[in-house]
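K.L.:
Below: sequence and its predicted model.
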Amino acid sequence: MTVQKRVASQDMPDVQGSEDSRRIAINKVGVKDIRYPITLKCPATGGSQHTVAKVNMYVNLPHYQKGTHMSRFLEVLNRHHESIRSDQLLSICHDMKLRLHAEEAHLELSFPYFIDKKAPVTGQVGKIDIEVTIECSSNSKDDLVLGLKVPATSLCPCSKEISRYGAHNQRCEIEVKVRFAQGRYMWIEELFDVVERAASMQVFAVLKRPDEKYVTEAAYENPKFVEDIVRDLALALNREDRICWYQLNSTNYESIHNHNAYAFIEHDKRQD
């Protein structure tokens, strides 16, 4: 930037920084639905995975200030775009507070994440895509919530019990959000494995006939209501000492009803 351009920029009025007489503070103001490329570390390969995230960035605005400086959010994001990991996101929040002279900062990311899965018998490899969300904030203390939406299979225990043969099953979507204990963390893949095991059976990208036989019979031997899924997942998360809080639910997309089944649990282990 030339000296002439710098002077011109400094001479421009800062409308956003001017005073506001209405004396109403704003909890969150910023930019949302930014489509942004990010790079995530992958523990399984030791490498990285590139994906595109939808990003929301907010700060609080005091009652006396007219507006925030929207362009500064993107400036902060651009400084951190290389190898974004969940343990770096709080640093982005800290930079947002500093750059925008705010007391609170909030950052939300949602993105598709791909996990390689082997078929249970043939070992054929396919990619399962899951939806990942990360929400972090920084005010008087820092907070981070990791969320996953995982597809799975459920098989109805009642249908199995009352039918002479067979049982109806359905796809289910299990959603979990977790907070971690101080200084602890789980990789996305680790939490994904815990969630999958709570269902009647996993789903796979590639299944040959021996694999299809296996998953069909395995689901039949492991029937679960939607209530069973959320309770079994809660038990697994209770055993995981890296997790201090969780919120989970399962939606079972019924195959013989014109409605879906749903169950929800929230628990703060710090209050136990």
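P.N.:
Here it is on my side, so go on.

K.L.:
Could you use CA atoms for every contact and neighbour count after this?
P.N.:
Will do.

K.L.:
my read is Gly46 is in a helix, agree?
P.N.:
No. Read with DSSP: H, G, I helix; E, B strand; the rest coil, Gly46 is coil and lies in no helix.

K.L.:
Which residues are in contact with it?
P.N.:
Applying Cα atoms under 8 Å, 6 or more residues apart in numbering to Gly46 gives no contacts.

K.L.:
Which parts of the stretch 101-250 of the chain are strands?
P.N.:
For the stretch 101-250 of the chain, the strands defined by DSSP state E, counting those that start in this stretch occupy 105-118, 125-138, 142-155, 169-180, 243-253.

K.L.:
is it possible to export those to JSON lines including distance to Leu90 and mean pLDDT?
P.N.:
Formatted as JSON lines, these follow (distance: least, Cα to Cα, whole Å; pLDDT from 0 to 100):
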{"stretch": "strand 105-118", "distance to Leu90": "8", "mean pLDDT": "96"}
{"stretch": "strand 125-138", "distance to Leu90": "7", "mean pLDDT": "96"}
{"stretch": "strand 142-155", "distance to Leu90": "7", "mean pLDDT": "96"}
{"stretch": "strand 169-180", "distance to Leu90": "14", "mean pLDDT": "96"}
{"stretch": "strand 243-253", "distance to Leu90": "18", "mean pLDDT": "97"}
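
K.L.:
Output these as JSON lines; include the columns distance to Pro210.
P.N.:
Listed next are the strands of the stretch 101-250 of the chain as JSON lines, based on distance: least, Cα to Cα, whole Å:
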{"stretch": "strand 105-118", "distance to Pro210": "13"}
{"stretch": "strand 125-138", "distance to Pro210": "14"}
{"stretch": "strand 142-155", "distance to Pro210": "18"}
{"stretch": "strand 169-180", "distance to Pro210": "19"}
{"stretch": "strand 243-253", "distance to Pro210": "26"}
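
K.L.:
how about these, which one is nearest Ala263?
P.N.:
strand 243-253 (5.5 Å; Cα to Cα).

K.L.:
Would you mark the buried spots in the helix or strand just after the closest one?
P.N.:
Proceeding N to C from strand 243-253, the next assigned helix or strand is strand 261-268, under DSSP states H and E. Using 16 or more other Cα atoms under 10 Å as the test for burial, strand 261-268 gives 262-264, 267.

K.L.:
just stretch 38-52 next, same as before
P.N.:
By neighbour count with 16+ other Cα under 10 Å, stretch 38-52 contains the buried residues 38-41, 52.

K.L.:
which two from the residues you listed end up farthest apart in space?
P.N.:
Lys41 and Val52 (14.0 Å).

K.L.:
So, low pLDDT: which residues of the chain?
P.N.:
Low-confidence segments of the chain, defined by pLDDT under 70: 1-10, 14-18, 44-45, 82-87.

K.L.:
In it, which residue is most central in space?
P.N.:
Nearest to the mean C-alpha position of the chain, by Cα atoms, centre = their mean, lies Thr133 at 2.1 Å.

K.L.:
Past the lengthiest strand in the chain, which element shows up next along the chain?
P.N.:
In the chain, taking DSSP state E as the definition, the longest strand is strand 26-41. Sequence-wise, the next helix or strand downstream of strand 26-41 (DSSP H and E) is strand 48-61.

K.L.:
and that following strand, what does it pack onto?
P.N.:
When contacts are defined as 3 or more Cα pairs under 8 Å, 6 or more residues apart in numbering; DSSP states H and E, strand 48-61 sits against strand 26-41, helix 86-100, strand 105-118.

K.L.:
What's the separation between the closest residue to Val132 other than its chain neighbours and Tyr165?
P.N.:
Of all residues not flanking Val132 in the chain, Leu148 sits nearest, at 4.7 Å (Cα to Cα, 6 or more residues apart in numbering). Noted for Leu148: a distance of 35 Å to Tyr165, by Cα to Cα, to the nearest Å.
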